[in-house]
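Asks: Sequence first, then the predicted structure:
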Amino acid sequence: MTIDEKRIRNEVDEIVELVLKDYDQGRDIDNMDVFNQPERDEVISIVVKLLGVLFPGYYRDKGYRFYNMYSKLTLQFEDIMYYLSQQVALALAFEEKYASCSEEELEEEARKLSLEFFRKIPLIRAKINTDIQATFDGDPAAFNKEEIILSYPGLLASTVYRVAHELHLLGIPLIPRMMSEYAHSITGIDIHPGATIGEYFFMDHGTGIVVGSTSVIGEHVKIYQGVTIGALSTKGGHALHGTRRHPTIEDNVTIYSGASILGGNTVIGEGSIIGGNAFITTSIEPGSRVSISNHEMNIEGGMCETCEKADDCLIGNGTFWE
Amino acid sequence: MTIDEKRIRNEVDEIVELVLKDYDQGRDIDNMDVFNQPERDEVISIVVKLLGVLFPGYYRDKGYRFYNMYSKLTLQFEDIMYYLSQQVALALAFEEKYASCSEEELEEEARKLSLEFFRKIPLIRAKINTDIQATFDGDPAAFNKEEIILSYPGLLASTVYRVAHELHLLGIPLIPRMMSEYAHSITGIDIHPGATIGEYFFMDHGTGIVVGSTSVIGEHVKIYQGVTIGALSTKGGHALHGTRRHPTIEDNVTIYSGASILGGNTVIGEGSIIGGNAFITTSIEPGSRVSISNHEMNIEGGMCETCEKADDCLIGNGTFWE
Amino acid sequence: MTIDEKRIRNEVDEIVELVLKDYDQGRDIDNMDVFNQPERDEVISIVVKLLGVLFPGYYRDKGYRFYNMYSKLTLQFEDIMYYLSQQVALALAFEEKYASCSEEELEEEARKLSLEFFRKIPLIRAKINTDIQATFDGDPAAFNKEEIILSYPGLLASTVYRVAHELHLLGIPLIPRMMSEYAHSITGIDIHPGATIGEYFFMDHGTGIVVGSTSVIGEHVKIYQGVTIGALSTKGGHALHGTRRHPTIEDNVTIYSGASILGGNTVIGEGSIIGGNAFITTSIEPGSRVSISNHEMNIEGGMCETCEKADDCLIGNGTFWE
């Protein structure tokens, strides 16, 4: 060992002591007892397998044609069942109502819940099919429906939401949120599994869309990139868990890019159109149109066309011109 | 088999029956005939290989210096040619005009188009080089141009766009959009391959930018995160495919974060500056500055400085204060 | 070789000549001398390993319980040290002040800086722990703190920022930015390592958040998705490197989704609440509330409730209704 290596070794020893002492403070970040959490990678793998069941012609081994759909699907369900019920059992252990259950009882309950979930698959597929139709009708740039199913991030996010939502309704904690975070990370669309969303839901482009956990969204709703259906800010934390904090969006509402609609008492009435970048924290009557307005003037100065004021217009002192 | 295992087996059998019946309804989601689509993973792999050709000093095997650029580049083109023409042939089969072609004719046409595309590489590289310059001039935080090429998501997205756009101009369906969805998923920037974008294009940060399929963007245009160059909402669907639905952005326009500019008749005149979060659906004269305005008052209430009204100001009833 | 193969071979030869000539123009994109850059994949791997040190109970091999934390942590540090100092040495070579150093001197300096960085780990962990608390208090949808640590993108982005910021303070170029671009690509949150951010920082959802390199953010600040703390547009480029171009956000400020706050002279005073989609380029007094306002009218036309004007209201000519 050279002198230099010794010095480094000594420093590392010191640092290890320092960090070990830092671990020993009992804060949240120091929690060592984090065993038996559901595994993120396993949950993602289950989502991918479920896509194969939901879209049997699309997400599959293209190497062979399958001749016996019955045995193929049986294999798929047994495989998903095995992994899903493991992860669900791990998640249930975090729920108070299962606190006194043995590991075997948790596994039994997890298998029961997995089977209940499988029975929802026709319901989930029926809803996804309406989302495909709404996307095709709403996006003239779509080449065909295959393209939508194979490459539209909005459809992927709504599909994962519809799966996660059914698991959420069955009272399974953690797993649904891990699924929606997976969709969030690849699409930029963050829909909480607790949200209620009607049929024919269309999200175009999608990046930056947020739909909060107690939102209620009707049918034939169209939402563009960057739209927030969110909660008002709070420091109330967990005490508010479960209370209604997110808006109601009634049927046939269109919300343009970047609009933020907030609050548990806010209702966007049927058929309304919300312009881009609106910021809404109170209810809107059915059949309304809402827009922000712009101030515009020549870059050299002069009159604002909106205010009909001169340089002292609201944007006259804007400092963002180069 | 235990009784419990038997029960589960029976339930799975039931569920399989249920889902098989669900597959048999002839909806879009039930389509089994999805053979011979272009493969997403292959398309991504082609994009990565093309980056190696576009930036010969940057994206490459760092393990060795290459002494013979000629043979290296020949190998790269032969490799890309092989995979690209396969995927292009698969895509062409979806175009009506090739409906009567044999597989061999499609492959022949695909090779021809791939070669035509390769000839565009100097053109593509010339445009990318202007984007690098615009990024360096526009972002004082950049350490050097190497950093821009190696790690700026905006440059990656414009590079993939410039590749996808040339493939789009050659009439190749599906593949260009798959490329742009790849860039979208890693950068949050969604530029449709059909858009026309001039030289010296600079996107800063980029997350949430959307540029629609019939947009026309001039030279020296600067766009910040969250900007939409988009279409007005429609339920017209495929009937509108190809019609002009997205704006024209003339030369030397700067568009700040979050602004949405919509509609096929909307022209943002040369040299204009669009403030953040503006929502624009009509044309703007050249040399204009556009901004939204804010209302501001003390958190305890009182007078709005903008309206010069008291609590009944537009934001007086805002409910979004904690 | 068939005639067809010969023709293709000839064309590829021509294209290779064309592209080789194109490489030979001395532009930025033609730079071949890009050896010995830090490696993106290595830097990402270092970030992942650091997460294991920062959250010892969370990011770890779940396969075994570790009995000897001391030897485990020593191994972790030696491993990180080896790879981090390699990458840091490569990065230092780009700094003028190290221009005359030998490779060995760079490695020596890199090891020294790595050790200095390790000593900051308790400081970093203390700050992250406050971010966990702020997230738990601010998001009623959180199930527990484990869920926040394991799956909230906002916490991941602030963690990577706090690591990258300390490396930045040590004067290490390139690496911190590569780390923040990694976090950006998976969370949609782009925080420059140069930014200064106080304790109890909470970003909800996060997609589209941008925090520029010279921003100064106080304690207990809450930022929602799509918020920009950014610079005014410039074409000044590198000449402005290091000058103050981004705002100051004082303590206890809440900024709702989509708001953009720009400019080096802009100060958002303590305790202020900035409404969604505001666009702010001048300072705001402490204790203020700021909001944009909306114009609203029935979709059939009639009176705007805000302007108390009829169809000639600001939105009366809006063309974005279907």
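Replies: Received it, and whenever you're ready, just let me know what you need.
Asks: switch to C-alpha atoms for all contacts and neighbour counts from now on
Replies: Fine.
Asks: could you check the distance from whatever residue of the stretch 101-250 of chain A ends up closest to chain B over to A:Gly226?
Replies: Nearest residue of the stretch 101-250 of chain A to chain B, counting by C-alpha to the nearest C-alpha: A:Asp137, 3.9 Å away. The gap separating A:Asp137 from A:Gly226 is 21 Å, by C-alpha to C-alpha, to the nearest Å.
Asks: Neighbour count: those two, which is higher?
Replies: Using other C-alpha atoms under 10 Å in any protein chain shown as the criterion, A:Asp137 and A:Gly226 rank with A:Gly226 on top: 34 against 18.
Asks: Next, that one: secondary structure please.
Replies: Here A:Gly226 is coil, with the state taken from DSSP: H, G, I helix; E, B strand; the rest coil.
Asks: Show the contacting residues for it.
Replies: Applying C-alpha atoms under 8 Å, 6 or more residues apart in numbering or on different chains to A:Gly226 gives the contacts A:Gly206, A:Thr207, A:Gly208, A:Ile209, A:Val210, A:Ser257, A:Gly258, A:Ala259, B:Gly208, B:Gly226, C:Gly226.
Asks: Quick one: which of those is the most crowded by neighbours?
Replies: Highest neighbour count within these: A:Ser257, with 36 neighbours (other C-alpha under 10 Å).
Asks: wouldn't that residue be in contact with A:Lys222 here?
Replies: No. In this structure, A:Ser257 is not within contact of A:Lys222 by C-alpha atoms under 8 Å, at 10.4 Å.
Asks: quick one: average confidence on the helix ranked longest in chain A?
Replies: For chain A, the helix with the greatest residue count under DSSP state H is helix A:69-92. Averaging pLDDT along helix A:69-92 yields 94.
Asks: Spatially, what comes nearest to A:His184 if we skip its sequence neighbours?
Replies: Among residues not flanking A:His184 along the chain, A:Asp190 sits closest, at 4.9 Å (C-alpha to C-alpha, 6 or more residues apart in numbering or on different chains).
Asks: and the one you found, what is it in contact with?
Replies: Taking C-alpha under 8 Å, 6+ apart, we find A:Asp190 in contact with A:Ser180, A:Glu181, A:Ala183, A:His184, A:Gly208, A:Ile209, A:Val210, A:Val211, C:His205.
Asks: Could you tell me which of the residues you listed belong to strands?
Replies: A:Val210, A:Val211 (DSSP state E).
Asks: Would you reformat the contacts of A:Asp190 as CSV and include pLDDT and distance to B:Lys127?
Replies: Below are these laid out as CSV (pLDDT from 0 to 100; distance: C-alpha to C-alpha, whole Å):
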residue, pLDDT, distance to B:Lys127
A:Ser180, 97, 38
A:Glu181, 96, 37
A:Ala183, 97, 34
A:His184, 97, 32
A:Gly208, 97, 29
A:Ile209, 98, 32
A:Val210, 98, 35
A:Val211, 98, 39
C:His205, 95, 35
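Asks: which ones are touching the residue nearest to A:Tyr256 when sequence neighbours are not counted?
Replies: In this structure, A:Tyr256 finds its nearest non-sequential neighbour in A:Gly276, 4.4 Å apart by C-alpha to C-alpha, 6+ apart. In this structure, A:Gly276 makes contact with A:Ile255, A:Tyr256, A:Ser257, A:Gly258, A:Ala259, A:Ser291, A:Ile292, B:Ser260, B:Phe279, judged by C-alpha under 8 Å, 6+ apart.
Asks: one more time with 7 Å, if that's ok
Replies: Each residue near A:Gly276 by C-alpha atoms under 7 Å, 6 or more residues apart in numbering or on different chains is listed here: A:Tyr256, A:Ser257, A:Gly258, A:Ala259, B:Ser260, B:Phe279.
Asks: Same check on A:Arg9?
Replies: Applying C-alpha under 7 Å, 6+ apart to A:Arg9 gives no contacts.
Asks: Tell me the spacing between it and C:Arg111.
Replies: Look at A:Arg9 and C:Arg111: by C-alpha to C-alpha, they are 12 Å apart.
Asks: and A:Glu166, that one's in a strand?
Replies: No. Looking at A:Glu166 with three-state DSSP, it is helix, so not inside a strand.
Asks: Neighbours of it, how many?
Replies: For A:Glu166, using other C-alpha under 10 Å, the count is 21.
Asks: Repeat that for A:Ala231.
Replies: A count of nearby residues for A:Ala231, using other C-alpha under 10 Å, gives 25.
Asks: Verify the contact between it and A:Ile261 for me.
Replies: No. Counting by C-alpha atoms under 7 Å, A:Ala231 stays clear of A:Ile261, with 8.3 Å between them.
Asks: can you map out the helices along the stretch 151-300 of chain A?
Replies: Applying DSSP state H, counting those that start in this stretch to the stretch 151-300 of chain A gives helices spanning A:153-169, A:175-187.
Asks: Can you find the helix or strand in chain A with the smallest mean pLDDT?
Replies: Among the helices and strands of chain A, strand A:295-298 carries the lowest confidence by mean pLDDT, DSSP states H and E, at a mean of 76.
Asks: same for it, what does it pack against?
Replies: Under the contact criterion of 3 or more C-alpha pairs under 7 Å, 6 or more residues apart in numbering or on different chains; DSSP states H and E, strand A:295-298 touches strand B:288-291.
Asks: The strand it packs on close to chain C?
Replies: No. If you take C-alpha under 7 Å from any C-alpha of the partner chain as the test, strand B:288-291 misses chain C, and the best it gets is 8.1 Å.
Asks: what about A:Met81, distance to A:Leu115?
Replies: When distance is defined by C-alpha to C-alpha, A:Met81 is 8 Å away from A:Leu115.
Asks: A:Val53 now?
Replies: From A:Val53 over to A:Leu115 the distance is 14 Å, taken as C-alpha to C-alpha.
Asks: Comparing the two, which residue is more hemmed in?
Replies: Applying other C-alpha under 10 Å to A:Val53 and A:Leu115 shows that A:Val53 carries more neighbours, namely 21 against 18.
Asks: what residues are up against the more buried one?
Replies: A:Val53 makes contact with no residue, according to C-alpha under 7 Å, 6+ apart.
Asks: near chain C, which residues of the stretch 201-322 of chain A show up?
Replies: Within the stretch 201-322 of chain A, the positions near chain C by C-alpha under 7 Å from any C-alpha are A:208, A:213, A:234-241, A:258, A:260, A:277-279, A:287-293, A:318-320, A:322.
Asks: I'd like to know which of the residues you listed are buried.
Replies: Buried by 16 or more other C-alpha atoms under 10 Å in any protein chain shown: A:208, A:213, A:234, A:237-238, A:241, A:258, A:260, A:277-279, A:287-293, A:318, A:320, out of those.
Asks: What about chain B: which of the residues you listed touch it?
Replies: By C-alpha under 7 Å from any C-alpha, the members of those lying near chain B are A:Gly208, A:Thr234, A:Gly258, A:Asn277, A:Ser293.
Asks: In the host helix or strand of A:Asp41, which residues are buried?
Replies: Applying DSSP states H and E as the criterion places A:Asp41 in helix A:40-54. Using 16+ other C-alpha under 10 Å as the test for burial, helix A:40-54 gives A:Arg40, A:Val43, A:Ile44, A:Ile46, A:Val47, A:Lys49, A:Leu50, A:Leu51, A:Gly52, A:Val53, A:Leu54.
Asks: How about the contacts made by the fourth one?
Replies: Each residue near A:Ile46 by C-alpha under 7 Å, 6+ apart is listed here: A:Ile80, A:Leu84.
Asks: Repeat that for the second one.
Replies: For A:Val43, the residues meeting the contact criterion (C-alpha under 7 Å, 6+ apart) are A:Met179.
Asks: From the opening residue of stretch A:210-217 to its closing one, how far?
Replies: Distance across stretch A:210-217, first residue to last, is 13 Å (C-alpha to C-alpha).
Asks: right, I mislabeled it, should have said stretch A:33-46
Replies: The first residue of stretch A:33-46 is 26 Å away from its last residue (C-alpha to C-alpha).
Asks: Cool, thanks, signing off.
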